[in-house]
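>>> this is a predicted model, with the sequence first.
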Amino acid sequence: MLWTALVVVMILFPSIVNSSRFIDTAITYGIFAIALYGLGLLYGQTNYLSIAHSALMGVGSYTAAILFIQAGFGFWAVLPLAAIFAMAAALLLGYPALRVSGYHFVIVTFAACELFVLATRNLGGAEARKGLTGGAQGLDITEPVGAIFGQSFDINLELEPFYYLVIAFLFITIVVTQILVRSPLGKTFRAIRENEPLARSVGIRANWYKIFAFGISGLFAGVAGALYAYKLRHIAPDLFNSFEGVELALMVLLGGSRRLMGPLVGAIIVGFLPEVLDVIGLGLTPFQRQIVFGAMLVAVIILLPHGLVQGVADLYGYAKRYLAAYLRPPRPGDGDAASANPPEPPDEASDESAEQPAEMLEADEEATEADQAAERVGGS
């Protein structure tokens, strides 16, 4: 029911809000949600949290822009290439990075993100502006996404077609993620997450599977990066710095990574909370926004370690069990102690023997003694 309601709201969203500002925000964070499902797959299934996904998005964006400028490729031609290049970058980064774990892995991916920014900004030295990446000023994409069945996706003319394009890619991403999680590959990822030494002991090559999970997450980030480049029509190195990577990680942690709805809910919260506060008159400066998001992250980690969606699901399950126990009709054995443990009926044999007169008992004893004496005589 929740998924149905969410899908209906997403489809009708442009008609509901009728605001270019909210539609533009929905496009941006819908693109981020595509990358978040890759990051959620990595973190939720293997327990490795990466800060480098903003850099992987940057690989997809720069691949799309460079191929457009240098070779004249359109969006539909560069999209699979951007995904492949981002996946290759994730595999190359994952090989050394996944040899460590915990906060060491986070530090390595953070450094990789900063290295990407430095490389794209300074590639070409003094003539970086004329180089492959355009230096600090970045690259421009002058053509919109190619039309399909006569429908244009030029975001400079109209937002709604591009919004529905992003939503279509987001739905495909969600379906693919669900298939991967339920597949034998997803079960192998979870086995590594739960007990890596035990997984290795039964023959699972944990390092290769972790690198492969990193590569799949990079594939999603590459698709998101290509969409992001065509949404902005201009990209620069600072768009993919480590702060953006931390923000992506924040969205995954807020929504949760082990529930399918988690990354999407995290993107909605981080994307629309500032907009809603601005509408009701509680606008936040960028510095205040960072403070609020940091406080939210600390609160979620302490109170809801598996994310908001999992926390709400746990709360719903607890409330459902409590109400079921409270509203359950009384059973025959649910009364007081007396009714719960009724006295056992008296033994009929003992009652009969208690009611026999003393003379009859004495006669029975004499007959028994006579029988025993007869047996002794016969034996002798």
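The structure has been received and is ready for your questions.
>>> which helices and strands does the helix or strand encompassing residue 175 pack with?
Element membership of residue 175 [criterion: DSSP states H and E] is helix 160-182. Judged by 3 or more CB pairs under 8 Å, 6 or more residues apart in numbering; DSSP states H and E, helix 160-182 is in contact with helix 2-17, helix 20-46, strand 151-153, helix 206-232. Heads up, the C-betas are built off the backbone N, CA and C, glycines and all.
>>> would you turn those into TSV with distance to residue 112 and mean neighbour count?
Below are the helices and strands packed on helix 160-182 laid out as TSV (distance: least, CB to CB, whole Å; neighbours: other CB atoms under 10 Å):
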stretch	distance to residue 112	mean neighbour count
helix 2-17	33	12
helix 20-46	14	24
strand 151-153	32	15
helix 206-232	11	25
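>>> which one of those has the lowest average pLDDT?
Lowest mean pLDDT of the helices and strands packed on helix 160-182: strand 151-153, a mean of 84.
>>> for that one, which strands pair with it and how are they oriented?
When pairing is defined by DSSP bridges, strand 151-153 lines up against strand 145-148 (antiparallel).
>>> which residues are in contact with the strand it pairs with?
74-76, 153-154, 162, 165, 230 (CB atoms under 8 Å, 6 or more residues apart in numbering).
>>> coming back round to it: rebuild the helices and strands packed on helix 160-182 as CSV, extending it with distance to residue 191.
Shown next, in CSV, are these (distance: least, CB to CB, whole Å):
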stretch, distance to residue 191
helix 2-17, 27
helix 20-46, 10
strand 151-153, 42
helix 206-232, 9
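>>> between those, which one is nearest to residue 88?
helix 206-232 (7.8 Å; CB to CB).
>>> for the closest one, packing partners?
Short answer (3+ CB pairs under 8 Å, 6+ apart): helix 206-232 packs on helix 20-46, helix 53-71, helix 75-97, helix 160-182, helix 184-194, helix 196-201.
>>> I'd like those helices written out as CSV, with distance to residue 297 added.
Output for the helices and strands packed on helix 206-232, formatted as CSV (distance: least, CB to CB, whole Å):
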stretch, distance to residue 297
helix 20-46, 14
helix 53-71, 16
helix 75-97, 23
helix 160-182, 23
helix 184-194, 21
helix 196-201, 26
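>>> give me the mean pLDDT for the helix holding residue 175.
Helix 160-182 comes out at a mean pLDDT of 93.
>>> repeat that for stretch 77-84.
The model assigns stretch 77-84 a mean pLDDT of 94.
>>> what's near enough to touch the most centrally placed residue in the chain?
Residue closest to the average C-alpha location in the chain (CA atoms, centre = their mean): residue 257, at 2.1 Å. By CB under 8 Å, 6+ apart, the residues touching residue 257 are 39-41, 43-44, 263, 307.
>>> out of those, which two sit at the greatest distance?
Maximum distance among the contacts of residue 257 (CB to CB): 14.2 Å, for 41 and 307.
>>> now residue 204, what's its secondary structure?
coil (DSSP: H, G, I helix; E, B strand; the rest coil).
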